[in-house]
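>>> the sequence and its predicted three-dimensional model are supplied below.
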Amino acid sequence: MQSSSVLSNGVEMPLLGLGVWRVQEGQEVVSSVKHAIQVGYRSIDTAAVYANEEGVGKAIQEAGVPRKDLFITTKVWNANQGYDSTLQAFEESKKKLGLNYLDLYLIHWPVKGKYKETWKAIEKLYKDGEVRAIGVSNFHIHHLQDLISEAEHVPMVNQVEYHPLLSQKELLTFCKENKIQLEAWSPLMQGNLNLPLLAELSEKYKKTPAQIILRWDLQHGVVTIPKSITPHRIEENANVFDFELSAEDMERIDGLNQNKRFGPDPDNFAF
Ligand code: NDP
């Protein structure tokens, strides 16, 4: 569980973390995050728009693991994009989380006409030592190319929807070539795990369908952040470091791709 990826700036990012989208602020988020940290998770993925940063911060305080051993990600929401507003949004997130630095700060979606100014603010936060690594989310290759053409720093991470029905081969290759760590959101297809191949591999490897997918992420070099509020699933999702999928089975899972999205396409979102 302590396996990590080394980002382009040398910072280590855990390969597996806990996602907290749609986890309720208060008791629900506090107990899920605390449980995850207590069973060995070190990375937590939240966002300003999830409205649960305070609870994540409380769980971090109560879990009793040194801050330096944790990797905390949050994201600037679309309405706050722009230079000054991003700097302000960062301060608010930091305050809600009760932290004096962040490990990773991401642009949540590529808002047209705004994301370059937002990136400048994020680069300043990085230069000022407010955040250890910086990146983007929901960026297609053309968004990355556009951003990189003027950026001082290439994003260290791109967090996108990624799972067996949306395996994003070209994007993964582009990111590897540019030393951008790909990170999978909705890795478990939001709980839609009922695919015959996953059931077959589950039987073969004596692992659950969720564990088969998370292992597939790891073997592709993709960081993954499954969400669960269920203690035994939080544990199950982390128990993926003791087996290996064969090259042939990796290819069979790759073959499930249908370019199917459970979330919006970054070229067409209206929020
Ligand atoms: P996931 O693909 O992680 O699926 C979560 C769902 O699967 C929940 O209903 C959960 O149920 C269920 N589940 C979890 N573990 C298991 C298991 N072992 N077996 C069966 N079912 C399981 O969905 P998310 O969309 O939440 O994505 C993960 C994270 O990615 C988010 O929480 C967020 O941090 C990030 N994200 C980022 C986005 C972005 O735009 N950057 C967009 C969307 C997500 P239960 O909780 O009841 O156990």
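That came in fine, so what should we check first?
>>> identify the bridge partners of the residue in the chain that the ligand sits nearest to.
With Cβ to the nearest ligand atom, the shortest gap between the chain and the ligand falls at G19, namely 2.4 Å. Bear in mind the C-beta positions are built from the backbone N, C-alpha and C, glycine included. Beta-bridge partners for G19, by DSSP bridges, are D45, K227.
>>> ok, it to K68 distance?
Distance from G19 to K68, counting by Cβ to Cβ, to the nearest Å: 22 Å.
>>> the two: which is more packed in?
The neighbour comparison of G19 against K68 (other Cβ atoms under 10 Å) goes to G19, with 25 against 7.
>>> which residues of the stretch 101-250 of the chain lie near the ligand?
When proximity is defined by Cβ under 6 Å from any ligand atom, the stretch 101-250 of the chain lies next to the ligand at 108, 137-138, 159, 185-191, 193, 208, 210, 225-230, 233, 236-237.
>>> can you flag which of those belong to strands?
Mapping those onto strands (DSSP state E) picks out 137, 159, 185.
>>> got the contact list for the residue nearest to H140 when sequence neighbours are not counted?
Leaving out its chain neighbours, the residue that sits closest to H140 by Cβ to Cβ, 6 or more residues apart in numbering is P266, at 5.5 Å. For P266, the contact set (Cβ atoms under 8 Å, 6 or more residues apart in numbering) comprises 109-110, 138-140, 143, 160.
>>> at 7 Å instead, please
Shown in contact with P266 (Cβ atoms under 7 Å, 6 or more residues apart in numbering): 109-110, 138-140, 143.
>>> which residues of the stretch 101-250 of the chain fall in strands?
Here the stretch 101-250 of the chain has its strands, by DSSP state E, counting those that start in this stretch, at 102-107, 131-137, 157-161, 181-185, 223-224.
>>> which secondary structure elements does the second one contact?
In other words, strand 131-137. strand 102-107, helix 115-127, strand 157-161 (3 or more Cβ pairs under 7 Å, 6 or more residues apart in numbering; DSSP states H and E).
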